[in-house]
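Kindly generate the corresponding structure for this input.
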Amino acid sequence: MAARIALGVTGDVGSGKSTVLAWLVGRGAVTLDADRVVAELLARDGHIGRRVEERFGPGVRASGGGIDHARLAAIVFGDAGALRDLERVVHPAVRVAVERWLAAAEPGVERGVAAVEAVKLVESGLHERMDALWLVLCDRAERRLRLRARGWSRRDVDRRLEASGPLAPKLALASAVIDNSGSQRALDAQLQVAWRRLAGGVLTGEPS
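Numbering: from 1, shown residues only. Now for the predicted structure:
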């Protein structure tokens, strides 16, 4: 059974998208992390693996035969052209996988919401498939602290932050903007407002 509404959740790395996704699960939504889709494609899709290897060389292969995420990341983050090349290979396959997941997803218990989280949701064109889009923002300094807490080096953090896409197109498309720079309580309050707007507007067919 198809979900009644497809909700996109996007924002830069370290902004707290996963926290928002967990909150949605608590409201009965079903969710998909697009990063995991990418990881599975790189590990298991032979066609994707061959194309990545053709562009970035045999050094990106893992011992098990898939693509080594860390080696690939070391190449593409810090090189905007390389990152664009990788996205041209991966994004169409991710979109197909997300479409299949949305078609098969059972509605959430309460509202029939299927939420897809992706950093490059807008850049990949996935936003065109969504009925609503939540943009999660966070202060850059706070994002840096969170990424360092994951064990990332300062260099890795700098490269990931610099790889962030422009904010303006996402702001223009967002149906809700969530500022996750503060406390959990402040985040919860914003999510409650966004959820009520989603439930009262999109899900019932009323203007939002």
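
can you tell me which residues contact T31?
L21, L24, V25, A114, A115, V116, E117 (C-beta atoms under 8 Å, 6 or more residues apart in numbering). (Glycine included, C-beta is placed from N, CA and C.)

so when I look at it, I'm seeing a strand, right?
Yes - using DSSP: H, G, I helix; E, B strand; the rest coil, the assignment for T31 is a strand.

Residues in a beta bridge with it, which ones?
The partner list for T31 in beta bridges (DSSP bridges) reads A115.

Relative to W134, how far out is it?
Shown here: T31 relative to W134, a distance of 12 Å by C-beta to C-beta, to the nearest Å.

taking the contacts of T31 as a set, which two sit the farthest apart in space?
V25 and V116 (13.1 Å; C-beta to C-beta).

Run through who's touching the helix ranked longest in the chain.
Looking across the chain with DSSP state H, the single longest helix is helix 80-104. When contacts are defined by C-beta under 8 Å, 6+ apart, helix 80-104 is touched by residues 2-3, 6, 32, 34, 37-38, 41-42, 45, 48, 51-52, 55-56, 72, 75-77, 114, 116, 118, 120, 123-126, 129, 163.

Just give me how far that helix sits from the chain centre.
Relative to its parent chain, helix 80-104 has a centroid offset of 11 Å by C-alpha atoms, centre = their mean, to the nearest Å.

In this protein, where is pLDDT below threshold?
Counting by pLDDT under 70, the chain shows low-confidence ranges at 1-3, 106-111, 201-208.

For it, which segments count as strands?
5-10, 30-33, 113-117, 132-137, 176-179 (DSSP state E).

Now render these as JSON lines, adding distance to L86.
Formatted as JSON lines, the strands of the chain follow (distance: least, C-beta to C-beta, whole Å):
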{"stretch": "strand 5-10", "distance to L86": "18"}
{"stretch": "strand 30-33", "distance to L86": "18"}
{"stretch": "strand 113-117", "distance to L86": "19"}
{"stretch": "strand 132-137", "distance to L86": "23"}
{"stretch": "strand 176-179", "distance to L86": "28"}
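
For V193, which non-adjacent residue is spatially closest?
Closest residue in space to V193, ignoring its immediate chain neighbours: A176 at 7.8 Å, by C-beta to C-beta, 6 or more residues apart in numbering.

residues contacting the one you found?
A132, L133, W134, L135, V193, A194, R197, L198.

now the first one, which residues is it bridged with?
Think A132. L7.

Not counting sequence-adjacent ones, nearest residue to the residue most central in space within the chain?
Among the residues of the chain, the one closest to the centroid is A118, at 1.1 Å (C-alpha atoms, centre = their mean). Closest residue to A118 apart from its sequence neighbours, by C-beta to C-beta, 6+ apart: A34 at 3.5 Å.

can you pull the contacts of the one you found?
By C-beta under 8 Å, 6+ apart, the contact set of A34 is V94, V98, V116, E117, A118, V119, K120, L121, L126.

Thank you, goodbye.
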